[in-house]
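Visitor: Predicted model and sequence follow; I will ask about them next.
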Protein chains: 2
Amino acid sequence: MTHKYSRQRQVIKDFLATRKDHPTADVVYANVRQEYPSISLGTVYRNLSLLSDLGEIRRLRLGDGVDHYDADTSEHYHVVCTKCGSVSDAQADGLGRIMENADIRYDGEIQGCVTYFYGICAKCCQGRESYRSAPHDFHTGC
Amino acid sequence: MTHKYSRQRQVIKDFLATRKDHPTADVVYANVRQEYPSISLGTVYRNLSLLSDLGEIRRLRLGDGVDHYDADTSEHYHVVCTKCGSVSDAQADGLGRIMENADIRYDGEIQGCVTYFYGICAKCCQGRESYRSAPHDFHTGC
DNA sequence: CCCAAAATCAGTAATAATTACTATTTTTAT
DNA sequence: ATAAAAATAGTAATTATTACTGATTTTGGG
């Protein structure tokens, strides 16, 4: 084992486990500070990266330019709300075997894939505001 | 129509059409400058965004923290090389109907999805260097 | 318990990608 | 030709993230 215990890392991980909204590093920082006021933003970034590398949490790159983090490492999917930007969970069967079922032609070696969704979250569905434009990088099979 | 012709925009679009490697804004800038030396980086960013919004090109958000652009708007997929960071095309049948075939449970409205792949590009497959670590955000069905 | 090496930290500076601002120039419809 | 709208070049600002540094913490022996 090449890394030592740190209270800061534990607090970060514990905080993340309390959240289901896939917070960004600065949100983690803002919250963890309340329990651990002397923690620095760099420590939050470093530990979120380390925990991701160790596979203890998941780093989500959902195309919004900010990394999100998720304490839940089990197989599930994410929906970015095109209206409010929130990230919520979705379950989808069969997606995990996407690469077995799709006929992929590629002149190299494929190791894995990432799928994420766009849509309107439950909360925004109840409102009536206009939608933000979706990226042009999505499938139209909806 | 709410936008006017601009030579800069045309040059940007024409340049992009000559490339199959999904360049980033700064690569577009560096190249377009040679033909149009007075163009500014802001103009490149603004027009790449506008063209994406118009659906004339595709903006690719592949989790590497930089936006890539593609003149080919037809349905196809992208593989990010975990070794050299290059982005190349892949064909995959059936993926476009991912949302019809997968049993998605979500408490809101899903509009679309994005799928991209990680792997080793053809060029790097021939080398022998060690792989960069893949993100922990991928399916393991490979 | 004490100590030293390694890891980690806080705080700050630096970087990288992108967007915003502004005065000037270009486009285009009349 | 002309004037309004759009776009531009150049620069400044913003945002997210990483890098650096000297001090502190952790941890496995003695």
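Guide: Looks like it came in fine.

Visitor: Give the next helix or strand downstream of the longest strand seen in chain A.
Guide: For chain A, the strand with the greatest residue count under DSSP state E is strand A:109-120. For strand A:109-120, the succeeding helix or strand toward the C-terminus, using DSSP states H and E, is helix A:122-126.

Visitor: Does the residue of chain A most remote from its centre belong to a helix, a strand or coil?
Guide: Computed with C-alpha atoms, centre = their mean, the maximum C-alpha offset from the centroid of chain A is found at residue A:107, amounting to 29.5 Å. Look at residue A:107: counting by DSSP: H, G, I helix; E, B strand; the rest coil, its state is coil.

Visitor: dump the residue contacts of the closest residue to it other than its chain neighbours.
Guide: Nearest non-adjacent residue to residue A:107, counting by C-beta to C-beta, 6 or more residues apart in numbering or on different chains: residue B:122, 4.5 Å away. Every residue, glycine included, has its C-beta placed from N, CA and C. With contacts defined as C-beta atoms under 8 Å, 6 or more residues apart in numbering or on different chains, the neighbours of residue B:122 are A:107, A:108, B:88.

Visitor: run the last query once more with 10 Å
Guide: By C-beta atoms under 10 Å, 6 or more residues apart in numbering or on different chains, the contact set of residue B:122 is A:106, A:107, A:108, A:109, B:79, B:81, B:86, B:88.

Visitor: what packs against the longest helix that chain A contains?
Guide: Using DSSP state H, we find that the single longest helix of chain A is helix A:41-54. Applying 3 or more C-beta pairs under 10 Å, 6 or more residues apart in numbering or on different chains; DSSP states H and E, one finds that helix A:41-54 contacts helix A:7-17, helix A:25-35, strand A:58-61, strand A:67-70.

Visitor: Any chance of CSV for these, columns distance to DNA strand C and mean neighbour count?
Guide: Supplementary listing: those in CSV, determined by distance: least, C-beta to the nearest atom of the strand, whole Å; neighbours: other C-beta atoms under 10 Å in any protein chain shown:
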stretch, distance to DNA strand C, mean neighbour count
helix A:7-17, 3, 17
helix A:25-35, 9, 16
strand A:58-61, 12, 20
strand A:67-70, 13, 22
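
Visitor: May I see those organised as CSV, with mean pLDDT added?
Guide: CSV is the format used below for the helices and strands packed on helix A:41-54 (pLDDT from 0 to 100):
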stretch, mean pLDDT
helix A:7-17, 98
helix A:25-35, 97
strand A:58-61, 97
strand A:67-70, 98
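
Visitor: Please name the bridge partners of the residue most central in space within chain A.
Guide: Centroid-nearest residue in chain A: residue A:60, 3.0 Å away (criterion: C-alpha atoms, centre = their mean). Counting by DSSP bridges, residue A:60 forms beta bridges with residue A:68.

Visitor: In contact with it, which residues?
Guide: So residue A:60 contacts A:22, A:24, A:52, A:66-70, A:78, A:80, A:87, A:114, A:116, B:63, B:135-137 (C-beta under 10 Å, 6+ apart).

Visitor: just checking, residue A:112 touches residue B:82?
Guide: Yes - using C-beta atoms under 10 Å, residue A:112 makes contact with residue B:82 at a distance of 9.0 Å.

Visitor: Distance of the residue nearest to residue A:15 when sequence neighbours are not counted relative to residue A:8?
Guide: In space, and not counting its chain neighbours, residue A:15 is closest to residue A:32: 5.3 Å by C-beta to C-beta, 6+ apart. Distance, residue A:32 to residue A:8, using C-beta to C-beta, to the nearest Å: 8 Å.

Visitor: same check, this time on residue A:90
Guide: Distance of residue A:90 to residue A:8, computed by C-beta to C-beta: 32 Å.

Visitor: likewise residue A:89?
Guide: In terms of C-beta to C-beta, residue A:89 sits 27 Å off from residue A:8.

Visitor: Please say whether there is contact between the worst-scoring helix or strand of chain A on mean pLDDT and chain B.
Guide: Here the helix or strand of chain A ranked lowest by mean pLDDT, DSSP states H and E is helix A:98-101, holding a mean of 76. Yes - remark: helix A:98-101 sits within contact range of chain B at A:98, A:99, A:100, A:101, by C-beta under 10 Å from any C-beta of the partner chain.
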